[in-house]
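Engineer: fold the following for me, if possible:
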Amino acid sequence: MEQTYIGVDVGNYDTKTALSSTPSGYSKSEDKPFGVKECIFYNGMYYAPSERRFPYTKDKTKDERAFILSLFGIAKEIIEICKRKDDQNEKQDNYQDEISKIDVVNLCVGLPPAHMHMLKDKTISYYKEMFGDGIEFNYNQYTFKLKLNLLLVVPQDYAALSCVIGKKNDKTIPNVYKEYYAIDIGGATVDVVPIRNNVPIVDECISLELGVLLMYDKIQNQVEKKFGISISQNNIEDVLREEPTIIDDEVVDGVKEGAAGWFENIINILNQRGIPFRTSPVVFVGGGAKLFKTAIEKNTVIKKYEFFGNANANAIGYKKFVERMAKKAS
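Structural biologist: Take a look at the predicted model:
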């Protein structure tokens with residue numbers, strides 16, 4: 001039998017692995033849902049992903065939600081691994097034989113660095129309890145039977161940057177400057193990690209409840225009040241990512257102004273908290289910051305910055321962490 005190594009980033013907007021993404025919300029029912037593209041059957045219940053994300057909770061160990069979302073990530077990641085393995089040989093539509101060979105998962109998840117001291121031990125106990133002596137579940141037509149072996153909980157954002165730290169001939173901020181700040185604009189929070197000599201200073205981390213989901217709510221209310229129309233979160237993302245849209249220009253301008261104002265507020269608060277933007281460079285980690293690309297480029301407070309990675313950056317970093325740990329243990 002085989003082991004696999006997976007990093008799962010249970011974000012407030014999406015749950016990511018290195019190769020997959022799932023909205024961080026789901027519906028739950030005793031009957032198999034009709035017309036859905038994907039669902040999990042576990043412990044007698046069906047779970048189908050939903051764009052209606054769950055409300056933000058700092059402690060995700062209080063219920064089954066983080067675990068079920070993790071199962072979506074684990075299943076989709078294993079399927080992608082099997083697909084890529086078969087693509088090297090002969091393509092096929094059913095990967096159950098390959099999936100069945102994998103019976104052990106080595107898992108790494110993350111927490112905002114500011115929450116590590118409060119929630120690391122609880123998170124470890126949570127996943128160990130949920131996995132127990134092993135679990136069995138179905139994702140679509142595939143059956144998974146898995147036991148948990150290694151389990152790591154590491155600081156997010158730093159985990160993402162660890163993929164580039166120490167690379168030869170790399171001229172990005174982490175390999176040029178001794179001190180810098182990693183900023184991750186997530187679904188519910190903005191997390192700031194000071195890094196010195198490529199070590200996160202956990203005691204100085206900041207977490208603000210100013211993520212993009214809250215911004216979407218504010219922009220939607222502003223647009224409805226000012227223009228009398230309703231727009232979706234996807235509409236807002238299309239505007240901020242410069243994707244094609246049929247929304248009126250005045251509404252587009254309103255969305256961009258709302259995002260610029262939100263970002264300015266974030267920077268003002270961090271300035272007040274003592275973040276030295278004029279003397280220390282910033283690495284914007286993950287996909288959330290790219291929604292504010294125009295506002296960041298126009299900003300005059302941050303002297304030097306870079307974007308690093310996509311929305312899956314933390315999950316990729318988690319996977320590398322658990323792979324390294326497994327190598328050391330062998």
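
Engineer: how about the helices in this structure?
Structural biologist: 65-87, 96-101, 116-131, 158-161, 212-227, 233-240, 249-272, 293-298, 313-329 (DSSP state H).

Engineer: tell me the most buried of those helices?
Structural biologist: Mean neighbour count, computed with mean count of other C-beta atoms under 10 Å, is highest for helix 158-161 among the helices of the chain, reaching a mean of 26. For every residue, glycine as well, the C-beta is placed using N, CA and C.

Engineer: which residues are contacting that helix?
Structural biologist: Residues from elsewhere that reach helix 158-161 (C-beta atoms under 8 Å, 6 or more residues apart in numbering): 7, 108, 110, 113, 174, 182, 193, 195, 200, 283, 285-286, 308-309, 313-314, 316-318, 320-321.

Engineer: cool, stretch 117-127 as well?
Structural biologist: 58-61, 66-67, 70, 107, 109, 111, 148, 151, 153, 202.

Engineer: buried subset of the residues you listed as a ChimeraX selection?
Structural biologist: Remark: buried members of the contacts of stretch 117-127, expressed as a ChimeraX selection using 16 or more other C-beta atoms under 10 Å:
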select :60,61,66,67,70,107,109,111,148,151,153
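
Engineer: near the spatially closest residue to residue 273 that is not a sequence neighbour, how many other residues are there?
Structural biologist: Computed as C-beta to C-beta, 6 or more residues apart in numbering, the closest residue to residue 273 that is not its neighbour in sequence is residue 206, at 5.9 Å. For residue 206, the count of nearby residues is 20 (other C-beta atoms under 10 Å).

Engineer: mind putting the helices of the chain into JSON lines with distance to residue 304?
Structural biologist: Compiled in JSON lines, these are given as follows (distance: least, C-beta to C-beta, whole Å):
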{"stretch": "helix 65-87", "distance to residue 304": "34"}
{"stretch": "helix 96-101", "distance to residue 304": "46"}
{"stretch": "helix 116-131", "distance to residue 304": "27"}
{"stretch": "helix 158-161", "distance to residue 304": "16"}
{"stretch": "helix 212-227", "distance to residue 304": "24"}
{"stretch": "helix 233-240", "distance to residue 304": "23"}
{"stretch": "helix 249-272", "distance to residue 304": "14"}
{"stretch": "helix 293-298", "distance to residue 304": "12"}
{"stretch": "helix 313-329", "distance to residue 304": "20"}
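
Engineer: save those helices as TSV, and put in mean pLDDT too.
Structural biologist: TSV is the format used below for these (pLDDT from 0 to 100):
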stretch	mean pLDDT
helix 65-87	93
helix 96-101	95
helix 116-131	97
helix 158-161	91
helix 212-227	97
helix 233-240	96
helix 249-272	97
helix 293-298	94
helix 313-329	92
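
Engineer: of all the strand elements in this structure, which one is longest?
Structural biologist: For the chain, the strand with the greatest residue count under DSSP state E is strand 142-155.

Engineer: export that strand as PDB, just CAs?
Structural biologist: Only the C-alpha atoms of strand 142-155 are listed here, as PDB (Å, rounded to 0.1, in the frame of the first residue of the first chain):
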ATOM      1  CA  TYR A 142     -14.700   7.000  -5.600                       C
ATOM      2  CA  THR A 143     -14.200   5.300  -2.200                       C
ATOM      3  CA  PHE A 144     -11.400   6.400   0.200                       C
ATOM      4  CA  LYS A 145     -10.100   4.400   3.100                       C
ATOM      5  CA  LEU A 146      -7.500   6.300   5.000                       C
ATOM      6  CA  LYS A 147      -5.500   6.400   8.200                       C
ATOM      7  CA  LEU A 148      -3.700   9.400   9.500                       C
ATOM      8  CA  ASN A 149       0.100   9.100  10.000                       C
ATOM      9  CA  LEU A 150       2.000  12.300  10.400                       C
ATOM     10  CA  LEU A 151       0.100  15.500  11.300                       C
ATOM     11  CA  LEU A 152       1.700  18.900  11.300                       C
ATOM     12  CA  VAL A 153       0.300  22.300  12.200                       C
ATOM     13  CA  VAL A 154       2.400  25.200  10.900                       C
ATOM     14  CA  PRO A 155       2.100  29.000  10.500                       C
END
